[in-house]
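Novice: What follows is a predicted structure for the sequence shown.
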Amino acid sequence: MIKFFIGIIVATAIIGCSAQKEIPDTQKNNKAKQEFSDVDSDTTMSDSDGTDNAMNHFIDGSIAEAKGDYASAILEYQDALRLDPKAGIHFAIAKSYFFLNKIPHALSNCKKAVEMDPTQIEYRDLLADIFTRASQFDSAAVVLQNIIKLDSTQIQAYYRLARIYENSKPLQAIEIYNKLTNNIGPDWDVLIRVAELYEKLGMLTDAEQSILKLLTIDPSNTELQKLLAQIYLKDKKYDEALNIINEVIRFTPDDMGAVQIKAQLFIDQDKWETASKEFNILLNNKTIPYENKIRIASLYFIQSLKDSTLFPVTEKIFQAIDKDTTDWEVKMYLGAIAMSQRNDSTAIKYFKKVTELASWNSQGWIRLGGLYFDNQKYGDAEKFMREANTRFPDDFVINLILGLSIAQQGKNSDAKPFLKKAVVLNPNDLNALSGYAYTLSQLNENEEAVKYLKRALAISPNDVNLLGTLGLIYNTMHKNEESDSVYQKALSIDSTNALVNNNYAYALSERGINLDNALRMIKIAIAEDSVNSSYLDTMGWVYFKLKKYELAKGYIKKAIHYGGESATMLEHLGDIIYMMGKKNEALECWEKAYELDGSRTELKNKIDKGVI
């Protein structure tokens, strides 16, 4: 049967200048001299005056650096380097360039310093910082690994390496954090990060164990207890989660975060009514922002569209919010709830209030109409959006949702003017163009339908849904060559598209050609959705054309089981049974099909003649 388409990496540990008291120049000079004497002296100067001059430049550079004048510091350090090339001077230059964020110059000088004196941890620390600033995290990791090899007591190197690995190699990050724990004992920051990584990886049991270790350090920490409850919740350990969150609420009854976790716990078990009791605590709390309350209530409204027995609970939640606000949005929801419960007079009262409070605002109507449509409540969507359309007759989205809602109920003549207006209001919207085109095709205005589909494809030439719809309409027009061409183009873009495979397979089976290919395509569609009645009907019809009547009968019956009786499926079943020699049973199926759709003239001929 044909079917229609409708954690940022925080890895930088940069060298910074903390606030300092002003140091007298004599002290600065002495400090710089000491630093100069500490730098690597592999290169010996024969000219003692040159060394003295190098020291003077180094001292002046250090003073400039201390004042934050890094450009002047670099000039002095470079003069020192020309007179006495030492690793420490390269390091000093690299540091100043780093402060100026001139990464290439900082990198080349720091690499030179490490090359000249690879034993200096300080040089490698700066090199790791430079690589990190340049977002070269793999290179920074290598440097940090080498620092750890040189000195396994460098705790900060472990921290920094683990932070680099957190996003790219989380298991290695955990391994490094665990080494840290072995070296320094249980550390709050480390255990928190390990727990977060385990949770991120879905290793919930390990995350739970990490939190439990933290609770041994601080057993009364409610934030930790709530975190553990949330992990238990994710792990579907509802009893454990409930026990710990009840304990938190017992000691801190005003902790609204804990109350929300408890409510979520019940929702995850589909105990919406029980959860509402917890949500009422939140709704009655004056400190909870209005936006949060609306978000909670909206969850209940969406769930009520799936389970109408929840509407009374949802209504109470919105009424509780309504006591403390005059916002039009709450009245909008209350009107929608009344409408869903077929309480039209109450719905009208609320909608009237909405127009008084926000006559200018169409967004609430659009949002709720969209919710009805998305949940396949097309009748309710139509009713709601007709009301919206009287207030906002020229709103594109309202016309579109209204038109599509009506079309989904098969009332294509009624849908046509709204979809046409949507196209006029926004001639480049693909949903409007394709929806209007399909409605036109259902009204046998196929030439017009093709025109609008081609307009849509001019905007999005590789849209598989648009191509599939065009192929469907060409097939209806018996333009088989055009239909095949469009279907084949669609499948060249997405060979596994279930709807296109189904529709093309059905088109071929109707013509009785390329049946092996048709069977291959419908199997692709069935693999995607094994209980789709349209796909099952197509499978049955392909087998019928292949004269495999038992298989054909089985699939058609399965289609009726999942999709209910339709004229097409009953006619197909009658044809199959007829070919199996059961003419009376076939006639019963045909007559039943004709009762459902009296416009089928070929079916009437079968009934009158008693033959296919």
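Specialist: Sure, I can see it.
Novice: hmm, who's touching stretch 377-385?
Specialist: Contacting residues not belonging to stretch 377-385 are listed as 305, 336, 339-340, 365, 368-369, 372-373, 398, 401-402, 405-406, 408-409 [Cβ atoms under 8 Å, 6 or more residues apart in numbering]. For every residue, glycine as well, the C-beta is placed using N, CA and C.
Novice: K213 and D235: what is the separation?
Specialist: Counting by Cβ to Cβ, to the nearest Å, the separation of K213 from D235 is 17 Å.
Novice: quick one: the helices in the stretch 101-250 of the chain?
Specialist: 103-116, 121-133, 137-150, 155-168, 170-184, 188-200, 204-217, 222-234, 238-251 (DSSP state H, counting those that start in this stretch).
Novice: Mean neighbour count, those helices: which tops it?
Specialist: Stretch with highest mean neighbour count among the helices of the stretch 101-250 of the chain: helix 121-133 (a mean of 22; mean count of other Cβ atoms under 10 Å).
Novice: What average pLDDT does that one get?
Specialist: On average, the pLDDT along helix 121-133 is 94.
Novice: now stretch 554-573
Specialist: What stretch 554-573 shows for mean pLDDT is 95.
Novice: got the CA positions of it in CSV?
Specialist: Presented in CSV, the C-alpha positions along stretch 554-573 are these (Å, rounded to 0.1, in the frame of the first residue of the first chain):
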residue,chain,number,x,y,z
GLY,A,554,-0.4,-14.2,5.7
TYR,A,555,1.1,-10.7,5.2
ILE,A,556,-2.3,-9.1,4.3
LYS,A,557,-3.9,-10.6,7.4
LYS,A,558,-1.0,-9.2,9.4
ALA,A,559,-1.5,-5.8,7.8
ILE,A,560,-5.2,-5.9,8.8
HIS,A,561,-4.3,-7.0,12.3
TYR,A,562,-2.0,-4.0,12.9
GLY,A,563,-3.7,-1.3,10.8
GLY,A,564,-7.4,-2.3,10.9
GLU,A,565,-9.6,-3.1,8.0
SER,A,566,-9.4,-0.8,4.9
ALA,A,567,-11.0,-1.1,1.5
THR,A,568,-7.6,-1.6,-0.2
MET,A,569,-6.4,-4.4,2.2
LEU,A,570,-9.8,-6.2,2.1
GLU,A,571,-9.8,-6.1,-1.7
HIS,A,572,-6.3,-7.4,-1.8
LEU,A,573,-7.3,-10.2,0.7
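Novice: neighbouring contacts of that stretch?
Specialist: Residues contacting stretch 554-573 (Cβ under 8 Å, 6+ apart): 1, 531-534, 536-537, 539-541, 543-544, 553, 576, 589-590, 592-594, 596-597, 600, 603, 606.
Novice: Apply the buried test to the residues you listed and list what passes.
Specialist: Using 16 or more other Cβ atoms under 10 Å as the burial test, the contacts of stretch 554-573 include 1, 532-534, 536-537, 539-541, 543-544, 553, 576, 589-590, 593-594, 600, 603, 606 as buried.
Novice: In helices, which of those appear?
Specialist: 533-534, 536-537, 539-541, 543-544, 553, 576, 589-590, 593-594, 603, 606 (DSSP state H).
Novice: hmm, back to that, only the buried subset of the contacts of stretch 377-385, as a PyMOL command please.
Specialist: Here is the PyMOL command that selects the buried residues among the contacts of stretch 377-385 (16+ other Cβ under 10 Å):
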select buried, resi 305+336+339+340+365+368+369+372+373+398+401+402+405+406+408
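Novice: which one of the contacts of stretch 377-385 sits closest to E481?
Specialist: Q408 (31.1 Å; Cβ to Cβ).
Novice: Let me see the domain layout of the chain.
Specialist: Residue ranges for each domain of the chain read 10-135, 505-609, as given by automatic domain parsing.
Novice: Turn those into TSV, columns for distance to A432.
Specialist: TSV is the format used below for those (distance: least, Cβ to Cβ, whole Å):
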stretch	distance to A432
domain 10-135	44
domain 505-609	24
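Novice: comparing the ones you listed, which gets the lowest mean pLDDT score?
Specialist: domain 10-135 (a mean of 76).
Novice: how far is the host helix or strand of H572 from where the chain is centred?
Specialist: According to DSSP states H and E, H572 maps onto helix 567-579. Averaged C-alpha coordinates place helix 567-579 at 44 Å from its chain's average position (Cα atoms, centre = their mean, to the nearest Å).
Novice: And stretch 202-219, by the same measure?
Specialist: Per Cα atoms, centre = their mean, the centroid offset for stretch 202-219 relative to its chain is 28 Å.
Novice: Now it - C-alpha only, CSV.
Specialist: The C-alpha trace of stretch 202-219 is given here as CSV (Å, rounded to 0.1, in the frame of the first residue of the first chain):
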residue,chain,number,x,y,z
GLY,A,202,27.8,4.8,31.3
MET,A,203,29.9,2.8,33.9
LEU,A,204,27.3,3.5,36.6
THR,A,205,28.4,0.9,39.1
ASP,A,206,31.9,2.4,39.1
ALA,A,207,30.5,5.9,39.4
GLU,A,208,28.4,4.8,42.4
GLN,A,209,31.5,3.3,44.1
SER,A,210,33.4,6.6,43.6
ILE,A,211,30.6,8.6,45.2
LEU,A,212,30.4,6.1,48.1
LYS,A,213,34.2,6.7,48.7
LEU,A,214,33.5,10.4,48.8
LEU,A,215,30.8,9.9,51.3
THR,A,216,33.3,8.2,53.6
ILE,A,217,35.2,11.5,53.5
ASP,A,218,32.1,13.6,54.1
PRO,A,219,29.1,11.4,55.0
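Novice: Let the chain start at 54 from now.
Specialist: Will do, 54 is the new start, and the previous item becomes stretch 255-272.
Novice: what about I341, how many residues close to it?
Specialist: Around I341 sit 16 other residues, with neighbours defined as other Cβ atoms under 10 Å.
Novice: Equivalent analysis for A126, please.
Specialist: Other residues close to A126 by other Cβ under 10 Å number 26.
Novice: For Q173, see how far away it is.
Specialist: Counting by Cβ to Cβ, the gap from A126 to Q173 is 20 Å.
Novice: go on, S536?
Specialist: From S536 to Q173 the distance is 75 Å (Cβ to Cβ).
Novice: who's more crowded, those two?
Specialist: Legend: neighbour count by other Cβ under 10 Å for S536 and Q173, higher for S536 (23 against 19).
Novice: Enumerate every residue touching the more buried one.
Specialist: Residues in contact with S536, defined by Cβ under 8 Å, 6+ apart, are 524-525, 527-528, 560.
Novice: Is it within a helix or a strand, and which one?
Specialist: Here S536 sits within helix 533-546, counting by DSSP H and E.
Novice: Mind checking the pLDDT average for that helix?
Specialist: 97.
Novice: Helices along the stretch 404-553 of the chain, start to end?
Specialist: Taking DSSP H, counting those that start in this stretch as the criterion, the stretch 404-553 of the chain contains helices spanning 416-427, 431-444, 449-461, 465-478, 483-495, 499-512, 517-529, 533-546, 551-564.
Novice: would you list those in a markdown table and tack on distance to P342?
Specialist: Shown next, in a markdown table, are those (distance: least, Cβ to Cβ, whole Å):
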| stretch | distance to P342 |
| --- | --- |
| helix 416-427 | 19 |
| helix 431-444 | 28 |
| helix 449-461 | 28 |
| helix 465-478 | 36 |
| helix 483-495 | 34 |
| helix 499-512 | 41 |
| helix 517-529 | 40 |
| helix 533-546 | 46 |
| helix 551-564 | 43 |
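Novice: Which among these is found nearest to I297?
Specialist: helix 416-427 (34.8 Å).
Novice: Which other helices and strands does that closest one contact?
Specialist: Applying 3 or more Cβ pairs under 8 Å, 6 or more residues apart in numbering; DSSP states H and E, we find helix 416-427 packed against helix 343-359, helix 381-393, helix 431-444, helix 449-461.
Novice: Pretty sure A194 sits against E219.
Specialist: No - applying Cβ atoms under 8 Å as the test, A194 and E219 come out as separate, 11.4 Å apart.
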